[in-house]
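Novice: With the input below, show me the fold.
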Amino acid sequence: MAIRSALLFVLIIAVVSIVTIDRSLLPSAKGAERTSASADTESEALVDNVAAANGMAATPEKDQEGQKEKNRAEKPRDTGEKKPEKPAPTEEKKPEGGKKPDGEKPVQKAGGSNAEAKSGAAADKDPAKAAAATPEAAKTEPPKPATVEVKRQPLKIEATFDGVFESQQMAELVLRPAEWQGLTVMHAVEHGKVVRRGDVIVTLELEKIDRALADLRADLRLNELSLRQAEEELRAIEALAPIDLASAERINKQTREDTELYKGVFRPMNVRSAEMMMKLADFRLQNAEEEMEQLEKMYKADDLTEETEKIVLKRAQMQLEVARFNREIAKIQFEDAIKRDIPRADARIDEAARRADIAWQRTRVLAPVALEKQRLEVEKLRVARARSEERFAKLSADREQMTVRAPIDGVVYYGACDRGRWGTGLGEQLQRGATLQPNKVFATVVQPRPLAVRINVPEKQLINARVGMKATIKPAALPEVRLDGIVDRVTAVPLSGGVFDAKITLAAEKAAESLMPGMTGEVKVLAYDKRDAVVVPAAAVATDEDDDRKHFVYLMAEGKPKKQPIKIGRKTDKLVEVLAGVEPGQHVLAEAPKDKSADAGAAKPAAAGKAEPTGSGKPTQPAASAGDSAKQSK
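Specialist: Prediction:
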């Protein structure tokens, strides 16, 4: 009884030295009138209350208030016996509503279980020393920082992507005409139509291409005839070319020989012949004149009869006239031969010689050229015929394409599939009278099964979508259905904007019979799953400022944090996997300190408030608890 009274007195002094006395916090008149038996019971409760306060140094102030309420409830009721009055212990008076007066904070004493054990033993041995040590410990001992235990627990990382269902077997419908450009739609099946292989999907306008094919067929016939004619001419030229060349050479040679013979023989002979003819005519004329003269002389001297004389003279006279006439003719012929015939003959001979030489030279040069020209003409016609035949074949093939048939069984989708997604506004291209663009997909025949899922993987998420990873797909149209899949392919290079294309194959599709290509869903890829991973909170891991590849935590050693390098594995927003550096069961700081003072091996204690004298009327600032320190660090 004496020990309890002494402890009660010491504790009252300690509480008064820490908390500023407020009249409103003093107990009421009813408490002062309690009996001595009630005072003893209150002393024992106060001792328990103080011990609980020492043990709750790191608990929030709501827990302390709850403990006080519990202590009040455990007090025995007033027995009615009157005992000598004793001063009641100072208690904090709770204002209405559970709030405390402004300017005051709950009193919390620092220290852990070790401090409680030591203070309890000292109080049993020496109450006076215990009374002196308790306020000193509250002022000097720093609060303990919040710690967490390194645990071994399952670590699962899932990456979520937007996916599109895509058929794994599709046949694109595209027209690739080689010649024809007029692709006018006459009829097309509806979007979503189920077709069988060989069914007509699109029919195009055919009248114009049929006319073009008819014209080209006629041109082909004309080209064939022209080519045949040119080939015949080529064969003739090839046969006559050596003959013509030899003939020209022979004529040239003969002409040269004739010219030489004319100039050397015939021309001088012609001149001499003309002279001789003139000379003969002169001779005959002279002879006739002399004979006429002699006859006249003879007839004058002779005694011939007059009739004979007249006959002879008449004949002589006639011969003389003929001689004179022949002489005139000879003279004319001579002058004509000398002045006209011989020069003309000279010109003809010279011209013929020149012509023969030119013909020979031309034949010798142009005969091979004409032959080569004819050969080229034949080759040109052959090329033209081949081109016409090729164009005709291309147009015929284009004509076949203009009746579009389904290459496989499936469903008709308008437009092209771009990694599971379909374009918009493509139905207008298949309206009657519309023109299709060559080499552009206008429809696709899709087989609904089997399906795959295409996703866009950002570059930062590439580690969470690798080939072989498991995936779960939740279709948007069937939110209660879950489909299992595996990442089958990821492109090695990005498509655009740092996005990679990935394909997920589905394990089974029977649970989603209504799914069709082009529908969407949510894809969760199981990027990492380890059942016994060693983890710590992400806030407990710090990174080296100079090398972000180095990581560390603050390991509690002898009540102080110690910087401990670690090797980390995968991490989430809240947890980090530790591969090496710490073991399960060890404690580390719940949050790595931001300041560099923790690198020295000790955490900064929070500033504790200094108590003012009791009579100053100013409230003291109590030391912050470990829980408050942890909240401030967070």
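Novice: ok, now how distant is the closest residue in space to Lys550 that isn't next to it in sequence from His551?
Specialist: Excluding the flanking residues, the one nearest Lys550 by CB to CB, 6 or more residues apart in numbering is Asp544, at 3.9 Å. In short, each C-beta sits where N, CA and C put it, glycine included. Per CB to CB, to the nearest Å, Asp544 is found 7 Å from His551.
Novice: what element comes up after the helix or strand Pro343 falls within heading to the C-terminus?
Specialist: Element membership for Pro343 (DSSP states H and E) is helix 342-401. Downstream of helix 342-401, the first helix or strand assigned by DSSP H and E is strand 403-405.
Novice: Alpha carbons only: can I get the helix or strand following that following strand in PDB?
Specialist: On the C-terminal side of strand 403-405, the closest following helix or strand by DSSP H and E is strand 410-414. Extracted in PDB, the C-alpha atoms of strand 410-414 (Å, rounded to 0.1, in the frame of the first residue of the first chain):
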ATOM      1  CA  GLY A 410     -16.700 -17.600 -95.300                       C
ATOM      2  CA  VAL A 411     -18.300 -14.300 -94.600                       C
ATOM      3  CA  VAL A 412     -18.000 -11.200 -96.800                       C
ATOM      4  CA  TYR A 413     -16.500  -8.200 -95.100                       C
ATOM      5  CA  TYR A 414     -16.300  -4.900 -97.000                       C
END
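Novice: So which other helices or strands are in contact with strand 410-414?
Specialist: strand 194-195, strand 443-446 (3 or more CB pairs under 8 Å, 6 or more residues apart in numbering; DSSP states H and E).
Novice: Neighbour count: Asp544 and His551, which is higher?
Specialist: His551 (20 against 11; other CB atoms under 10 Å).
Novice: Backbone torsions only: list them for that one.
Specialist: phi -130, psi 160 (degrees, to the nearest 10).
Novice: Please identify the buried residues of stretch 504-519?
Specialist: Ile504, Leu506, Ala512, Leu515, Met516, Pro517, Met519 (16 or more other CB atoms under 10 Å).
Novice: Please identify which pair of those residues lies farthest apart.
Specialist: Greatest spacing in the buried residues of stretch 504-519, by CB to CB: Ile504 and Met516 (16.8 Å).
Novice: by how many degrees do the helix or strand hosting Ile332 and helix 342-401 diverge?
Specialist: In this structure, Ile332 sits in helix 306-336 according to DSSP H and E. For helix 306-336 against helix 342-401, the angle by axes from the mean of the first three to the mean of the last three CA atoms, to 10 degrees is 50 degrees.
Novice: can you pull the buried residues of helix 306-336?
Specialist: Neighbour-count burial for helix 306-336 [16+ other CB under 10 Å]: Glu309, Ala316, Gln319, Leu320, Ala323, Asn326, Arg327, Ala330, Gln333, Phe334.
Novice: Any chance of JSON lines for those, columns pLDDT and distance to Glu389?
Specialist: Below are those laid out as JSON lines (pLDDT from 0 to 100; distance: CB to CB, whole Å):
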{"residue": "Glu309", "pLDDT": "71", "distance to Glu389": "108"}
{"residue": "Ala316", "pLDDT": "79", "distance to Glu389": "98"}
{"residue": "Gln319", "pLDDT": "82", "distance to Glu389": "93"}
{"residue": "Leu320", "pLDDT": "82", "distance to Glu389": "94"}
{"residue": "Ala323", "pLDDT": "84", "distance to Glu389": "89"}
{"residue": "Asn326", "pLDDT": "84", "distance to Glu389": "83"}
{"residue": "Arg327", "pLDDT": "85", "distance to Glu389": "85"}
{"residue": "Ala330", "pLDDT": "84", "distance to Glu389": "80"}
{"residue": "Gln333", "pLDDT": "84", "distance to Glu389": "75"}
{"residue": "Phe334", "pLDDT": "84", "distance to Glu389": "77"}
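Novice: and of those, the nearest to Ala171?
Specialist: The closest of those, once distances to Ala171 are taken by CB to CB, is Gln333, at 105.2 Å.
Novice: isn't that closest one right up against Met277?
Specialist: Yes: judged on CB atoms under 8 Å, Gln333 makes contact with Met277 at a distance of 6.3 Å.
Novice: So, low pLDDT: which residues of the stretch 251-400 of the chain?
Specialist: The stretch 251-400 of the chain contains residues with pLDDT under 70 at 299, 301-308.
Novice: how about the residue nearest to Val523 when sequence neighbours are not counted, secondary structure?
Specialist: Spatial nearest neighbour of Val523, chain neighbours left out: Gly163 (4.0 Å); criterion: CB to CB, 6+ apart. At Gly163 the chain is in strand, as set by DSSP: H, G, I helix; E, B strand; the rest coil.
Novice: so who does Gly163 touch?
Specialist: By CB atoms under 8 Å, 6 or more residues apart in numbering, the residues touching Gly163 are Gly420, Val453, Arg454, Ile455, Ile473, Ile504, Thr520, Gly521, Glu522, Val523.
Novice: Which residues are in contact with the fifth one?
Specialist: This means Ile473. So Ile473 contacts Gly163, Val453, Arg482, Leu483, Asp484, Gly485, Ile504, Leu506, Gly521, Glu522, Val523, Lys524 (CB under 8 Å, 6+ apart).
Novice: follow-up on the earlier one: tell me which other helices or strands the helix holding Pro343 touches.
Specialist: Using 3+ CB pairs under 8 Å, 6+ apart, helix 342-401 sits against helix 207-261, helix 267-301.
Novice: picking that back up, sort out for me which of the buried residues of stretch 504-519 are in strands.
Specialist: Ile504, Leu506 (DSSP state E).
Novice: who wins for most neighbours among the contacts of Ile473?
Specialist: Ile504 (29 neighbours).
Novice: Val523 is in contact with that one, correct?
Specialist: Yes: Ile504 lies in contact with Val523 (CB under 8 Å); the separation is 6.6 Å.
Novice: Need the residues touching each of these two.
Specialist: Taking CB under 8 Å, 6+ apart as the contact rule, Ile504 and Val523 both touch Gly163, Val453, Ile455, Ala471, Ile473, Gly485.
Novice: Out of those, which comes closest to Leu222?
Specialist: The closest of these to Leu222 turns out to be Val453 (CB to CB; 60.4 Å).
Novice: avg pLDDT for the helix or strand that closest one falls within?
Specialist: Using DSSP H and E, Val453 falls within strand 451-458. Mean pLDDT, computed over strand 451-458, is 93.
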